[in-house]
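**Q** This is a predicted model, with the sequence first.
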Amino acid sequence: MRAFEYTSPTTRQQAVELLAGSWDQSAVLAGGTDLLSLMKDDVVAPKRVVNIKDIRELHGVRFGPRGMQIGALTSLGELADHPLVRQHYPAFGDAVVEAASQQIRNMATLGGNICQRPRCWYFRSGFGLTPKTPEGKSLVEEGDNRYHAILGNDGAALFVSPSSIVPAMIAYGARIRIAGPKGAREVALEKFFVIPRTESEREHDLRPNEIVTDVFLPPPAAGRYAHYEVRQKESFDWPLVLAAVALQMNGNTVRSAKVVMGYVAPVPWVSEEAAQALVGKTVTEQTAQAAGEAAVSQAKPLSRNRYKVQLARVAVKRAILQAAQGKAEGGAA
Ligand SMILES: Cc1cc2nc3c(=O)[nH]c(=O)nc-3n(C[C@H](O)[C@H](O)[C@H](O)COP(=O)(O)OP(=O)(O)OC[C@H]3O[C@@H](n4cnc5c(N)ncnc54)[C@H](O)[C@@H]3O)c2cc1C
């Protein structure tokens with residue numbers, strides 16, 4: 001690992017002031033479960049590391065008129081054990097419990113989970129977010145792309161968004177607060193993820209001198225929610241594909257739906273097609289199947305990941321059926 005300057009501010013303002021205006025100058029350190037691996041592998045080499053763990057106000061969960069406010073430094077372990085998470089946001093709770101391992105959840109923070117970098121092996125080997133051969137061809141298209149994107153893959157970025165928790169948060173309508181030199185701003189979590197077009201762009205709407213400070217989950221609306229993962233193995237690993245679903249019902253009929261897929265695109269993928277296939281319908285095996293088909297109707301698999309189309313289709317179908325069966329009912333219903 002290269003030498004770096006280490007700082008440990010105690011307020012968010014100090015933290016923002018210690019961060020520089022370019023990514024190679026400084027980096028935020030939270031639980032370190034991702035950043036330290038990237039530094040050890042020399043994929044990133046910030047000159048200054050700004051440890052934010054001593055900023056007390058960024059820890060913990062509060063429940064108020066805006067719903068649940070989660071400090072960015074709250075660990076996944078705390079969230080997994082939190083009774084209000086399980087009670088009011090069960091599909092989010094399921095996603096947290098299934099992420100990584102107990103040891104990693106104890107260290108990993110929610111802010112770090114949102115901001116973690118892609119697991120694409122070309123990126124992790126130092127070839128960047130849009131890896132190319134010296135002749136300008138896509139390393140991913142030419143190479144081993146079995147875990148890469150099947151949607152949103154028209155450009156040069158072919159990695160998949162790495163969090164298995166974010167899709168459930170998007171299904172619940174989460175927003176995040178970001179602190180920067182000009183004060184705080186808030187964005188819908190869904191809008192925080194962007195597909196980089198060139199190597200100079202990032203996969204998040206975050207500037208180098210900003211930190212994510214809070215996550216807001218709106219007051220739980222009466223609705224039906226589910227989170228469904230397809231994994232290669234039960235033990236800790238990232239899923240191959242997942243789907244998170246929120247259904248608002250009028251009796252037995254779907255009034256509105258949000259269908260979010262993970263590990264299919266460089267961003268968490270919100271499928272309008274799947275939502276439209278459900279609105280006005282009763283959830284049955286057939287309508288859930290049709291929504292699954294709609295979710296992958298625009299998929300363009302690469303040379304080695306066609307199997308992910310079927311996994312995504314099935315994940316969406318099963319998440320919808322689980323939500324309709326009330327596996328993870330939210331709110332005061
Ligand atoms: C073996 C293994 C299995 C895993 N399995 C899963 C899984 O199934 N699902 C899943 O979702 N994740 C999984 N992960 C990833 C893990 O959840 C993340 O590494 C973790 O959440 C990152 O949080 P952290 O606090 O350790 O972040 P750090 O490592 O400290 O930071 C990660 C990145 O985010 C930036 N950052 C951190 N906090 C902030 C902030 N508040 N504001 C701005 N930038 C910030 C850092 O600069 C860095 O770029 C796994 C990790 C491992 C090692």
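**A** Arrived safely.
**Q** C-alpha from now on. contacts and neighbour counts both.
**A** Will do.
**Q** Next to the ligand, which bits of the stretch 151-300 of the chain? Give me the list.
**A** Listed as neighbours of the ligand in the stretch 151-300 of the chain under the rule CA under 6 Å from any ligand atom: 163-165, 211-213, 236-238.
**Q** Where strands are concerned, which of those residues count?
**A** Here DSSP state E is the test, and those give 211-213 as lying in strands.
**Q** what about the strands in the stretch 201-333 of the chain?
**A** Remark: strands assigned in the stretch 201-333 of the chain by DSSP state E, counting those that start in this stretch are 211-217, 223-230, 241-250, 253-262, 269-270, 328-330.
**Q** for the fourth one, what is the average pLDDT?
**A** Averaged across strand 253-262, pLDDT comes to 98.
**Q** buried set for it?
**A** Burial within strand 253-262, assessed by neighbour count using 16 or more other CA atoms under 10 Å, is assigned to 254, 256-262.
**Q** For burial, what's the neighbour tally of the residue nearest to N113 when sequence neighbours are not counted?
**A** Setting aside the residues directly before and after it, N113 is nearest to S163 in space (CA to CA, 6 or more residues apart in numbering), at 6.2 Å. As a burial measure, the neighbour count of S163 was computed by other CA atoms under 10 Å and equals 23.
**Q** again, but for N250
**A** So N250, with other CA under 10 Å, has 12 neighbours.
**Q** again, but for S235
**A** Counted with other CA under 10 Å, the burial measure for S235 works out to 11 neighbours.
**Q** That one: what's it in contact with?
**A** Contact criterion CA atoms under 8 Å, 6 or more residues apart in numbering gives S101 as the residues in contact with S235.
**Q** Check which helices and strands the helix with the most length in the chain sits against.
**A** Here the longest helix in the chain is taken by residue count, with DSSP state H as the criterion, and it is helix 307-324. Helices and strands touching helix 307-324, as assessed by 3 or more CA pairs under 8 Å, 6 or more residues apart in numbering; DSSP states H and E, comprise strand 223-230, strand 241-250, strand 253-262, helix 285-295.
**Q** Pull up the per-residue confidence for G64.
**A** Taken from the predicted model, the pLDDT recorded for G64 is 89.
**Q** and the gap between it and the ligand?
**A** 21 Å (CA to the nearest ligand atom, to the nearest Å).
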